[in-house]
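Chemist: Give the three-dimensional model of this entry:
(one chain, ligands or ions: 1)
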Amino acid sequence: HSLRNIDELCASIVRSHRETSQYRVEELQALRWKLFSREEIQAYQSKSVDEMWQHCAIRLTDAVQFVVEFAKHIPGFRMLSQNDQIALLKTGSMEVVLVRMSRFFNTENNTVFFDGKFAGTEVFKSLACGDLIAAVFDFAHGMCALKLTEQQIALFSALVLINADRPCLEDRSKVQRVQRSVESGLTHILHRDNQESLMHKLYQRMAVLRSLCSLHMEKLRWFSQRYPLTAHSLFPPLYKELFASE
Ligand SMILES: CCS(=O)(=O)c1ccc(CC(=O)Nc2ccc(-c3ccc(CC(C)C)c(C#N)c3)c(C(F)(F)F)c2)cc1
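Modeler: Next comes the predicted model:
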């Protein structure tokens, strides 16, 4: 790649990241002390397991829509076959949502932006998924510790998505080519910021993301067996298509 190409690649990924974020970091910084009241927390905690699951599935699906838009503007993603695009989104969209979520995490009071305010883990109690929520919060903490810039997060998100090791890809070598160009974009940005040491930390974060998302799928399988009606008829179609293993 000539430098010009890499610069253009980074610029288009950063632009797409910015245009497909429902909220800007500055906006939410201003909101980070807007916490749920005791009554509001009570209301979440008095929801039944399936009500809270449905509520979260809807919120997650809203967030995933933005990630699907982001993916479509990554140079090379649209060159891939429809099936490969779906395969990458099936395993990568939740991971990118969690990367993006960590920008809206307040490490001082261990809260994350959810439903318009900042929520602690106690808000999610009725999900009966304490280990998954704790892992999501830990991941967000770990991401905040890296103090990534929005540009670094944009390139990292693209790399999380364009992963040639994902299962059931038709044209793995084509995905590899796109992945390598995104990798060169991320290395270029980290070199420019004089932070090459971040690269291996980011690969470690990707490993944590993979375990987080398999825990999410495991919980979803458990939930779908326990509450088949909710899972099959009350979850958003996109959530079922992307995360339900069928
Ligand atoms: C991605 C587009 S964006 O503009 O950056 C954007 C756009 C909107 C938001 C706010 C937002 O949606 N936060 C939110 C949503 C769901 C959840 C959540 C709820 C439950 C579960 C467990 C499971 C059993 C379904 C999981 C998991 N795994 C995740 C969370 C948080 F993780 F904190 F619990 C926060 C954040 C960024």
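Chemist: pLDDT on the top helix by length along the chain, on average?
Modeler: Among the segments of the chain that qualify as a helix by DSSP state H, the longest is helix 198-226. Helix 198-226 carries an average pLDDT of 95.
Chemist: chain center to it, what's the gap?
Modeler: Helix 198-226 sits 10 Å away from the centroid of its parent chain (C-alpha atoms, centre = their mean, to the nearest Å).
Chemist: could you measure the residue nearest in space to the middle of the chain against Pro237, distance?
Modeler: Nearest residue to the geometric centre of the chain (C-alpha atoms, centre = their mean): Val97, 1.8 Å. For Val97, the distance to Pro237 equals 17 Å [C-beta to C-beta, to the nearest Å]. Using the backbone N, CA and C atoms, a C-beta is placed for each residue, glycine as well.
Chemist: Arg18 and Glu150 touch, don't they?
Modeler: Yes - look at Arg18 against Glu150 with C-beta atoms under 8 Å: they come within range, at 7.1 Å.
Chemist: and stretch 138-155, which residues are buried?
Modeler: 139-140, 143, 146, 148, 151-155 (16 or more other C-beta atoms under 10 Å).
Chemist: Next: stretch 223-241.
Modeler: So for stretch 223-241, counting by 16+ other C-beta under 10 Å, buried means 223-224, 227, 230-231, 235-236, 238-240.
Chemist: Okay, now the unreliable bits of the chain?
Modeler: Residue ranges of the chain with pLDDT under 70: 1-3, 245-246.
Chemist: Tell me the residues of it that contact the ligand?
Modeler: Proximity of the chain to the ligand, by C-beta under 6 Å from any ligand atom, involves residues 21-23, 53, 56-57, 59-60, 63, 66-67, 97, 100-101, 104, 112-114, 124, 127, 129, 132, 136, 216, 219.
Chemist: Which among those residues count as buried?
Modeler: So, by 16+ other C-beta under 10 Å, the buried ones in these are 21, 53, 56-57, 60, 63, 66-67, 97, 100-101, 104, 112-114, 124, 127, 129, 132, 136, 216, 219.
Chemist: can you pull out the helices in the chain?
Modeler: 3-19, 25-31, 38-45, 49-72, 82-101, 130-145, 150-161, 172-192, 198-226, 228-229, 237-243.
Chemist: just those: most buried one?
Modeler: helix 150-161 (a mean of 24; mean count of other C-beta atoms under 10 Å).
Chemist: Run through who's touching it.
Modeler: 10, 13-14, 16-18, 25, 67, 70-71, 74, 77, 88-89, 92-93, 95-96, 99-100, 103, 148, 179, 182-183, 185-186, 189-190, 193, 195, 198, 202, 205-206, 209 (C-beta atoms under 8 Å, 6 or more residues apart in numbering).
Chemist: run the last query once more with 6 Å
Modeler: Helix 150-161 has contacts (C-beta atoms under 6 Å, 6 or more residues apart in numbering) with 13-14, 17, 71, 74, 88, 92, 95-96, 99, 182, 185-186, 189, 202.
Chemist: Among the residues you listed, which one lies nearest to Glu108?
Modeler: Taking C-beta to C-beta as the measure, Glu108 lies nearest Val99 of the contacts of helix 150-161, at 20.5 Å.
Chemist: The closest one: what's it in contact with?
Modeler: Contacts of Val99 by C-beta under 6 Å, 6+ apart are Ser157.
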